[in-house]
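1. how would this look folded up:
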Amino acid sequence: MAGRKTFNTSIGTEGARASAKAGGLSAYVRRVFNYMAISLGITASISFFMINTGFVFHLITNQGLTGLGTLFLWAPVLLVFGMAFIKSMQGSKLMLYTVAAIQGVSISILVLAFGGIANAFQAFLLTGIIFGSMAMYGYITKADLSKMGSVLIMGVWGLFLVGIVGAFTGGVGMWFSYAVVGVFTLLVAYEMQMVKAIYYSFGDRTTLDKMAVMAALNLYLSFINIFIHLMRIMGSRD
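-> Model prediction:
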């Protein structure tokens with residue numbers, strides 16, 4: 001009887017630890033999505049301000065973008081690369097929100113280029129549905145998505161290079177936007193699974209806090225890329 005009592009206590013202890021770990025994961029995921037939601041809110045607010053006040057028209061001309069407009073369009077890319085060199089959690093958060101703010105200026109330009117506000121709203125709703133579905137799949141699936149993730153990351157780099165070349169050679173075809181939507185849609189599931197993997201891999205609170213910001217950045221960028229290219233696709237049909 002004594003042995004059985006000890007066994008039951010052990011099971012109870014392990015169950016409590018598992019429950020605490022699961023609860024910690026939920027809190028960690030909420031933190032990641034809070035950072036992402038704040039970033040999207042900043043982007044949407046800046047974009048709305050730029051369009052509503054007409055400031056966005058200072059960045060475009062009949063011939064295309066002004067020099068300042070071009071700078072705002074590419075600045076988020078440079079800042080994202082710069083985040084890799086920031087060590088502190090607060091510095092990473094500040095950079096994340098800075099990226100979101102500048103991306104808001106870029107989005108205001110693209111909203112006008114890709115069909116207007118009504119088209120942007122529809123694209124945003126569709127992006128939310130796609131993103132939410134893939135994030136949920138990545139969170140609950142038992143399948144290992146790491147191999148798919150490696151292929152997708154190579155695909156992202158390939159698309160990035162194609163985009164750079166297209167910027168200097170007259171643009172890219174509509175196939176590019178379909179490819180971006182497809183790659184980043186699948187990437188959301190992989191990134192969501194990585195959020196869980198990071199939580200279970202790192203016990204240090206400081207490291208987890210920094211990784212939460214980086215995870216939020218990855219998910220934010222996936223959302224933004226899907227949204228931008230859905231706008232382009234849907235705008236081309238009008």
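2. how far away from the center of its chain is the helix or strand in which Tyr137 is found?
-> Assigning secondary structure by DSSP states H and E places Tyr137 in helix 117-140. Per CA atoms, centre = their mean, to the nearest Å, the displacement of helix 117-140 from the mean C-alpha position of its chain is 12 Å.
3. go ahead and name everything in contact with the helix or strand following that helix.
-> Heading C-terminal from helix 117-140, the first helix or strand you meet, by DSSP H and E, is helix 146-168. Residues outside helix 146-168 that contact it (CB atoms under 8 Å, 6 or more residues apart in numbering) are Val172, Phe176, Ala179, Val180, Val183, Phe184, Leu186, Leu187, Tyr190, Glu191, Gln193, Met194. Placement of C-beta: from N, CA and C, glycine included.
4. change it to 6 Å
-> Residues from elsewhere that reach helix 146-168 (CB atoms under 6 Å, 6 or more residues apart in numbering): Val172, Val180, Val183, Leu186, Leu187, Tyr190.
5. please, which helix or strand holds the closest residue to the second one other than its chain neighbours?
-> By that I understand Val180. Sequence neighbours aside, His229 is the residue nearest to Val180 in space, at 4.4 Å (criterion: CB to CB, 6 or more residues apart in numbering). Using DSSP H and E, His229 sits in helix 205-235.
6. elements contacting that helix?
-> With contacts taken as 3 or more CB pairs under 6 Å, 6 or more residues apart in numbering; DSSP states H and E, helix 205-235 sits against helix 2-53, helix 89-113, helix 117-140, helix 174-201.
7. buried deepest among the ones you listed, which one?
-> The highest mean neighbour count among these, using mean count of other CB atoms under 10 Å, belongs to helix 89-113: a mean of 20.
8. most widely separated two among the contacts of helix 146-168?
-> Distance extremes for those: the farthest pair is Val172 and Tyr190 at 24.2 Å, using CB to CB.
9. does Leu219 touch Asn34 like I think?
-> No. Counting by CB atoms under 6 Å, Leu219 does not reach Asn34; the two are 11.5 Å apart.
10. residue ranges with poor pLDDT in this structure?
-> 1-23, 203-204, 238 (pLDDT under 70).
11. please report the distance of the residue nearest to Val180 from Val172.
-> 11 Å (CB to CB, to the nearest Å).
12. what of Phe81?
-> From Phe81 to Val172 the distance is 21 Å (CB to CB).
13. neighbour count: those two, which is higher?
-> Val172 (16 against 9; other CB atoms under 10 Å).
14. so what's that one up against?
-> Gly166.
15. mind redoing it with 10 Å?
-> Leu159, Val162, Gly163, Val165, Gly166, Ala179, Val180 (CB atoms under 10 Å, 6 or more residues apart in numbering).
16. the fifth one: neighbour count?
-> Gly166 sits with 13 neighbouring residues when counted by other CB under 10 Å.
17. picking up where we left off before, packing partners for the helix holding Tyr137?
-> On a contact count with 3 or more CB pairs under 10 Å, 6 or more residues apart in numbering; DSSP states H and E, helix 117-140 meets helix 2-53, helix 89-113, helix 174-201, helix 205-235.
18. if we use 7 Å, what do you get?
-> Helix 117-140 sits against helix 174-201, helix 205-235, with contacts defined as 3 or more CB pairs under 7 Å, 6 or more residues apart in numbering; DSSP states H and E.
19. nearest to Leu71, out of these?
-> Per CB to CB, nearest to Leu71 of the helices and strands packed on helix 117-140: helix 205-235, 17.7 Å.
20. that closest one to helix 146-168, inter-axis angle?
-> With axes from the mean of the first three to the mean of the last three CA atoms, to 10 degrees applied, the angle from helix 205-235 to helix 146-168 works out at 50 degrees.
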